[in-house]
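Student: A predicted structure for the sequence below; I have some questions about it.
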Amino acid sequence: MADTDTLTIRRPDDWHLHLRDGAMLAAVLPFTAEVFARAIVMPNLTPPVVTAVDAAAYRGRIRDALGPGSAFEPLMTAYLTDGTDPGEISRGHADGVFTAAKLYPAGATTNSDNGVTDIANISGVLARMEEIGMPLLVHGEVTDPAVDIFDREKVFIDRVLIPTLERFPALKVVFEHITTAEGVAFVRQANANVGATITPHHLVINRNALFAGGMRPHMFCLPVAKRERHRLALRAAATSGDASFFLGTDSAPHPVSAKETDCGCAGIFNAPSALEVYAQVFDEEGALERLEAFASLNGPAFYGLPVNETTVTLTRGERRNDARLSVGNEEILPFDTGKPVGWRIAS
C-alpha cells in the first residue's frame, strides 16, 4: 500500500541478472539478495553454463557466497549453443536445475561467442522446450554487421522472433531487456506466452547519455540505449499495468579497468539502486500503485511460480550515490542516473 511518503510492496524478483563468479560474485551478490527474493541468473560465464551439472555447481557457489540464513533463491539458466542436446535441457528442467534457457546470438554481447549462430540449429531444442513449457530467454539482437547497432532489436523481431513463434506458437518467450518502441509493440500484440523484461537504466537514459560531454563508457550496455522516443515507450509499457512486462535489471558488473579502455565492456551495474530507480520512474509517471505488479507479481505469473510473502518498504527521500565497490585490486562503478533518486529502501 502507498501514502505520500511510503510504499510497501511484496518482495520483488529480478528476472534478469548477471552475478559473474568468484570474488566478483561474492562482492555483488549482497546488493541483490538484500532486496530481491529470487533472480534469474544469466549463464554467460567463462566457460558458459551449458549443462545441468554446470548449473548445479554454479548454484552451489552462489549459495556458498550467500552464507547461512539467506532466503534468496537463484534460478538457473542454460546457455544454448549450436550443439545443445534437447535431452540435456529437458532433464535439467525436470530435475529442478534449469528454470529457463538463454539464447545469445553468437557475438551479440559479453561472453556470447559460444552462442547460437543460426536459430535453425536449435530447432530440436525449441521444440522440446515448447513441449515441456520451459521459457526461452532471448537476447533480441541480430549480429549482422550490415545492420546498424541501433536497429538490431527491430531487425531481430522481423528476422528471428516472428518466424520462430510462427514455427513454435506455444513456446514461452521472454524478450529480455527490450529497448525499442517496436519491441514494446511486438510484446503487446503477442500471445500471453510472450513477456518482456525492462531494465532500470533503459527507463532513465537514452543514447545521448553515451556522449554527454565526451565518451561515457559506464553508460554503455547491450542492447545499447536508443532514442528518446524509445525510452518513453519503455516507460509507458513498464508503468501501464500490462502483465506482459516485468522487472529485469540486467545488472552486469565489470571492473572499471574493463570499462575505461579502448574496447570497453558492455554492461551497467545497477543492483545497488535498481528498485529505488524503478520507484522513481513509477512516481514520475504517476503510477506508484502499479509498481508492485511490475516488480513482484507479473514475473511469477509468467514463470508459474508463487508470489513472495514477505514485503519491502520504500520511503520518500533523496538517495545517496553509491560508492565504488572494491573487488581485489579492481573497482566496480555502480550506476549513477545523473540526477537525484527520490526513494530509499527502508526495510
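Tutor: Noted; the coordinates are in hand. Not measured: the values here are computed from a predicted model. Residues are numbered from 1 along each chain as shown.
Student: alpha carbons only for contacts and neighbour counts from here, please
Tutor: Fine.
Student: residues near Ala225, how many?
Tutor: The local packing of Ala225 (other CA atoms under 10 Å) involves 25 other residues.
Student: What of Gly87?
Tutor: In terms of burial, Gly87 registers 12 neighbours under the definition other CA under 10 Å.
Student: Local confidence estimate at it?
Tutor: Each residue has a pLDDT score; the one for Gly87 is 98.
Student: swap in the one 3 residues further on?
Tutor: Per-residue confidence at Ser90 stands at 98 (pLDDT).
Student: Following the strand or helix carrying it in sequence, what is the next regular element?
Tutor: Assigned by DSSP states H and E, Ser90 belongs to helix 86-94. Sequence-wise, the next helix or strand beyond helix 86-94 is strand 98-103, with elements assigned using DSSP H and E.
Student: got the buried residues for the following helix or strand past that following strand?
Tutor: Beyond strand 98-103 in the direction of the C-terminus, DSSP H and E gives the next helix or strand as helix 123-132. Going by neighbour count (16 or more other CA atoms under 10 Å), the buried part of helix 123-132 is Ser123, Val125, Leu126, Ala127, Arg128, Met129, Glu130.
Student: What of stretch 143-152?
Tutor: Under 16+ other CA under 10 Å, the buried positions of stretch 143-152 are Thr143, Ile149, Phe150, Arg152.
Student: picking that back up, as a markdown table, the buried residues of helix 123-132 with distance to Arg59 and pLDDT would be great.
Tutor: Formatted as a markdown table, these follow (distance: CA to CA, whole Å; pLDDT from 0 to 100):
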| residue | distance to Arg59 | pLDDT |
| --- | --- | --- |
| Ser123 | 28 | 98 |
| Val125 | 23 | 98 |
| Leu126 | 24 | 98 |
| Ala127 | 26 | 98 |
| Arg128 | 24 | 98 |
| Met129 | 22 | 98 |
| Glu130 | 25 | 98 |
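Student: List just the nearest of these to Val224.
Tutor: Comparing the buried residues of helix 123-132 against Val224 with CA to CA picks out Leu126 as the nearest, at 27.1 Å.
Student: Can you give me every residue that contacts the closest one?
Tutor: Residues counted as contacts of Leu126 (CA atoms under 8 Å, 6 or more residues apart in numbering) are Phe168, Leu171.
Student: thinking again about what came up before, so which of the buried residues of stretch 143-152 is the closest to Asp54?
Tutor: Taking the buried residues of stretch 143-152 together and measuring to Asp54 by CA to CA, the closest member is Thr143, at 26.8 Å.
Student: Tell me, how many residues neighbour the closest residue to the closest one other than its chain neighbours?
Tutor: In space, Thr143 comes closest to Ala108 once its chain neighbours are excluded; the distance is 5.8 Å by CA to CA, 6 or more residues apart in numbering. Burial measure for Ala108: 20 neighbouring residues, criterion other CA under 10 Å.
Student: Surely Ala108 touches Val142?
Tutor: Yes - between Ala108 and Val142 there is a contact at 7.2 Å, judged by CA atoms under 8 Å.
Student: Please identify the helix or strand for Ile9.
Tutor: Element membership of Ile9 [criterion: DSSP H and E] is strand 6-10.
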